[in-house]
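# Structure for the following, please:
(chains A and B)
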Amino acid sequence: MSLTQSDIGRIANLARLELSGAQSETMLTQLNGFFDIVEQMNAVDTTGVEPLAHPTAVIDHVSLRLRPDVASEPNDREANQKSAPAVERGLFLVPKVIE
Amino acid sequence: MNELHTLGVSELAAAIAEKKTSSVETAQHLLARAQQHSGLGAYLFFNEEATLAQARAADARIAAGDRTPLLGVPLAHKDIFVTKDFATTAGSRMLSGYQSPFDATVVQRLAAQGAVTLGKLNCDEFAMGGSNENSAFGAVRNPWDTARVPGGSSGGSAVAVAARLAPAVTGTDTGGSIRQPASFCGITGIKPTYGRCSRYGMVAFASSLDQAGPMARSAADCAVLLSAMAGPDIDRDSTSLDHPAEDYTALLGQPREGATAAQPLKGLRIGLPKEFFGEGCAPDVIATVRAALAEYEKLGATLVDVSLPRTELSIPVYYVIAPAEASSNLSRFDGVKFGHRAAKYDDLTDMYKKSRSEGFGPEVQRRIMIGTYVLSHGYYDAYYLQAQKIRRLIAQDFQAAFAQCDLIAGPVAPTVAWKLGEKSNDPVANYLADIYTLSTSLAGLPGMSVPAGFGAGGLPVGLQLVGNYFQEGPLLQAAHAFQQATDWHTRAPQGY
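You can find the predicted model right below:
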């Protein structure tokens, strides 16, 4: 299996990246080179094997926790918005979405 | 004292506590030294005022009779940890100018023990890389040969310790990012069990793999830092393990059962995975690792042959899982809440695309592309799910090996540090060089790199030690016993 230039365009769009023509070419070559080594995974028989999403699942049968759904952090809007590119009256500004 | 930079963590803490020097004097000395060696590229950001304020506070605590193991000792943090008094960028243009409103848990815990922050250390962008050439703020140079890479992604961290610009530092390890640069720079580093140190305030790369750990000259110094860093952070990190903090320094001094003065490791079974000693490993690395293992035999350990049959498979498995998680984690960088926003764009989607393409470097974009693809409709089962299944088999392989041994040992990397630029146009070559560290990360096991000697060109070689879950204490003990019998970890590169 080999990726094509149109696959690269589709993936870049999903990833919200804009690649120039030259970048797209390089990306195609590099990704195809990478997926050559990925193909060896196909040969592994994993019938009946549970996927392991998280190592904690095999450590002492630790299960992932949920915390109570209550506000635990103080409201510190000014500090939290200090590094935002565009803020007005405590709100994050984005380009117009609805006409 | 003029030679403050030659002291390790414990010696420095003692000198400060005994008032032979002060935290302020030590911090000033190390800051001046970091400036003097700025050509190495180890440090990214300083805040002298904040550093000296912390040092003065530590000196005041000492004057008041307070004693903690790190009181007044200056450390530096990998720029992956957010810090409220220092800039945080994760080595990315995306976060240029970012100011965190809080400190990472690990940073907070070290500060609570009295440590003083010298500054932030260079790393591969979002911790993605094994040479530190992927930093948006320039490469880091290896002090053993400045034409060579320091390893990565914690390259600045390793160089700061090796060049005596800090007695100890923090690093993070997702697929080898503490162990491999420690090996390339001749220092000691430990990646604890996944979940042992809080990930709160660590800029996320791959959440099921990322783990913080200390890097220092010796295992004893790593033990001091790790004792402060590790422990549950239940409310702030859902993957933080509910396992009490340990005093690793006290564990170092406890003799093993059956140990003698001459053979402190008597009865320790060290497993050597045959896949780690194959033809893929350079002869100079193998010879150095074998010599270190012979030293372990003298210390009473027994070497046994074990097998980790899916070692080679760990490369595709890791490079499917880590980019998948990265593509998801890095979707937060959209030019809205923080980070870079493009100056010109047509609409919201265009703003996302331009901001991200301008903010992320080539390796990060590559991994986002891989991750997006393996998670996309029609490919998820064949790639992501299959990788997770093999990940379980890899974790099981380790348990089978640990049935025959207490620790696993081998090389950290197949070669010594390579030349700057040598692999920068070949991402796959970089990925292949991670072969001996990835499986440990996938299984979530603790691993470390211990200076074992020198290979080709007089460059450092690390011995990798891997333990079972929560075996950080025995790992550090085994490294410490080796360091009591050898002096590789005390060697400094010429001129430093």
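
# excluding its backbone neighbours, what's nearest residue B:147?
For residue B:147, ignoring the flanking residues on the chain, the nearest one in space by Cβ to Cβ, 6 or more residues apart in numbering or on different chains is residue B:419 at 5.7 Å. (Each C-beta comes from the backbone N, C-alpha and C, glycine too.)

# The one you found against residue B:146, yeah?
No. Between residue B:419 and residue B:146 there is no contact under Cβ atoms under 8 Å: 10.6 Å.

# And the residue of chain A most remote from its centre, how close does it get to residue B:431?
Largest separation from the mean C-alpha position in chain A: residue A:89, at 30.5 Å (Cα atoms, centre = their mean). Look at residue A:89 and residue B:431: by Cβ to Cβ, to the nearest Å, they are 47 Å apart.

# again, but for residue B:231
33 Å.

# again, but for residue B:364
Residue B:364 is 14 Å from residue B:431, where distance means Cβ to Cβ.

# cool, residue B:241 as well?
Taking Cβ to Cβ, one finds residue B:241 at 29 Å from residue B:431.

# Could you pull up the residues touching whichever residue of the stretch 301-450 of chain B sits closest to chain A?
Across the stretch 301-450 of chain B, no residue is closer to chain A than residue B:444, which sits at 2.4 Å (Cβ to the nearest Cβ). Residues counted as contacts of residue B:444 (Cβ atoms under 8 Å, 6 or more residues apart in numbering or on different chains) are A:55, A:56, A:58, A:59, B:193, B:194, B:195, B:395, B:469.

# my read: the first one touches residue B:192, true?
The one in question is residue A:55. No. Counting by Cβ under 8 Å, residue A:55 does not reach residue B:192; the two are 11.9 Å apart.

# more crowded one of the two?
More neighbours surround residue B:192 than the other of residue A:55 and residue B:192, with 29 against 24 (other Cβ atoms under 10 Å in any protein chain shown).

# thought that one was touching residue B:448?
No. Residue B:192 lies out of contact with residue B:448 (Cβ under 8 Å); the separation is 9.2 Å.

# The closest residue to chain A within the stretch 51-200 of chain B and residue A:81, how far apart?
When scored by Cβ to the nearest Cβ, the stretch 51-200 of chain B has residue B:101 as its residue closest to chain A, at 3.7 Å. Counting by Cβ to Cβ, the separation of residue B:101 from residue A:81 is 9 Å.

# Just the CA atoms of the worst-scoring helix or strand of chain A on mean pLDDT, as PDB, please.
Among the helical and strand segments of chain A, the one scoring lowest on mean pLDDT, DSSP states H and E is helix A:77-80, with a mean of 92. Provided in PDB are the C-alpha atoms of helix A:77-80 (Å, rounded to 0.1, in the frame of the first residue of the first chain):
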ATOM      1  CA  ARG A  77      -9.300  34.400  34.000                       C
ATOM      2  CA  GLU A  78      -6.700  37.200  33.600                       C
ATOM      3  CA  ALA A  79      -3.700  34.900  34.100                       C
ATOM      4  CA  ASN A  80      -5.300  32.200  32.000                       C
END
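
# ok, now which ones touch the closest residue to chain B within chain A?
The nearest approach of chain A to chain B comes at residue A:55, 2.4 Å away (Cβ to the nearest Cβ). Listed by Cβ under 8 Å, 6+ apart, the contact set of residue A:55 reads B:194, B:195, B:208, B:395, B:442, B:443, B:444.

# Most neighbours among these, which one?
That'd be residue B:442 among those, by other Cβ under 10 Å, with 30 neighbours.

# Which positions within the longest helix belonging to chain A qualify as buried?
Looking across chain A with DSSP state H, the single longest helix is helix A:21-38. Neighbour-count burial for helix A:21-38, with 16 or more other Cβ atoms under 10 Å in any protein chain shown as criterion, is recorded at A:23, A:26, A:27, A:28, A:30, A:31, A:34, A:35, A:37, A:38.

# Geometric centre of chain A: which residue is closest?
Most central in chain A (Cα atoms, centre = their mean) works out to residue A:15, at 7.8 Å.

# Next: chain B.
Central residue of chain B (Cα atoms, centre = their mean): residue B:178, at 2.2 Å.

# wait, isn't that one in contact with residue B:151?
No. Checked against Cβ under 8 Å, the pair residue B:178 and residue B:151 is beyond contact range at 9.7 Å.
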